[in-house]
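In: What would the 3D arrangement of this be:
(one chain, ligands or ions: 1)
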Amino acid sequence: MGFFASIDGVIAPAADARVSVLDNGFTFGDSVYETLRTYSGRPLALDRHLRRLRHSAARIGVALPLSDEVLGQRLAALLEAGGNPESYIRMIVTRGVGDISYNFERVKGPTVVMAVKPYAPLGDAAYEEGVQAALVSVRRNAADALDPAIKSCNLLNNILAMREAQSRGAIEAILLNHRGEVAEGAGSNIVLIRKDEVVTPPLSAGILPGITRELLMEIAPEAGYTIREQTLVAGDLFGADELFFTSTLKELAPIRAIDKTTIGDGKPGPVTKRLLAAYRAAVPRFCR
Ligand SMILES: Cc1ncc(COP(=O)(O)O)c(C=O)c1O
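Out: Just a heads-up that it's a prediction; the model follows:
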């Protein structure tokens, strides 16, 4: 099992792989990324992740002159080098190597990094008992300051939220936006169930358009549910029958409590279980 990286197509053990200290990704966090995982060795929704990666890169004015085919070939070679039964995949695109200045015309790039390591699932207990969440004081970046729809390697907003959540014994943070509405988790989106209604905050809450959220919205009707977008406040979360996070790595992670408040029965509810089963049954269709 291996942790390997590809830097501009050159594969090496991740611990030996190097980018320049003058890379804008390092000096300014001037970079965007994607996190993917494999099922049966094949990346889930690679096309959607590459589309979002290009969108993020375009939003910061970075051209990515590699086709999806080339990126897919590089990833396939890296997955083969990694040799893991299931892989966690990180793709990073930085503006490139600069001179520690705002003279973007001097930057030579982009730098395209991919890394793979064994995929570590959340664990059965999380799906059987639910996970602990924390409603943190850190607010999600305002979309007109640093739009959360740009999947930026500037993760300090998320890091501050996660550190606060972890200090309170939670595995994931829930962030409100600057208007006090529910935004998202530090690394996931949020879905709420109330009297058989399944709702999730709209993109206008200032969130990352999660690919798991998107896939689930497409898949849910197969389980007899429609997911609606609706503005939510903290009180809605505390009064929910069921609540879960969605992310590529966590799939659908049931929330058993937010801080000291138990959600519903304090264990994964029937709608969450049905949606998780439908999601897991459907994901192979989105892997290639
Ligand atoms: C802030 C944030 N929101 C939501 C998500 C979930 O996105 P996806 O379902 O595409 O993994 C992530 C995943 O990394 C994230 O970082």
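In: got a list of what the closest residue to residue 175 other than its chain neighbours touches?
Out: Spatial nearest neighbour of residue 175, excluding adjacent residues (Cβ to Cβ, 6 or more residues apart in numbering): residue 140 at 4.3 Å. In this view, the C-beta of every residue, glycine as well, is placed from N, C-alpha and C. For residue 140, the contacting residues are 148, 157, 175, 176, 177, 178, 183, 184, 206, 207, by Cβ atoms under 8 Å, 6 or more residues apart in numbering.
In: What pLDDT does the model give the residue in the stretch 51-200 of the chain that the ligand sits nearest to?
Out: Going by Cβ to the nearest ligand atom, the ligand is nearest to residue 187 of the stretch 51-200 of the chain, at 4.1 Å. Reading off the confidence values, residue 187 has pLDDT 98.
In: part of a helix, is it?
Out: No. Assigned with DSSP: H, G, I helix; E, B strand; the rest coil, residue 187 falls outside any helix and is coil.
In: Was I right to think it contacts residue 171?
Out: No. The pair residue 187 / residue 171 is not scored as a contact, 10.0 Å apart, by Cβ atoms under 8 Å.
In: quick one: secondary structure of residue 221?
Out: When classified by three-state DSSP, residue 221 comes out as helix.
In: could you list every residue that touches residue 43?
Out: Residue 43 neighbours (Cβ under 8 Å, 6+ apart): 36, 37, 49, 75, 79, 89, 287, 288.
In: contacts with the ligand among the residues you listed, please.
Out: Near the ligand, taking Cβ under 6 Å from any ligand atom as the test, no member of these is found.
In: pLDDT-wise, what's the bottom of the residues you listed?
Out: Out of the contacts of residue 43, that is residue 288, at 83.
In: hmm, back to that, run through the bridge partners of the residue nearest to the residue of the stretch 51-200 of the chain closest to the ligand when sequence neighbours are not counted.
Out: Nearest in space to residue 187, with sequence neighbours left out and distances taken as Cβ to Cβ, 6+ apart, is residue 247 at 5.8 Å. In this entry, residue 247 is beta-bridged to residue 251, by DSSP bridges.
In: Quick check: phi and psi at residue 10.
Out: When read as degrees, to the nearest 10, the backbone of residue 10 gives phi -100, psi 120.
In: Tell me the pLDDT of it.
Out: 98.
In: That one: neighbour count?
Out: When neighbours are counted by other Cβ atoms under 10 Å, residue 10 registers 9.
In: who does it bridge with?
Out: Under the criterion used here (DSSP bridges), residue 10 is bridged to residue 7.
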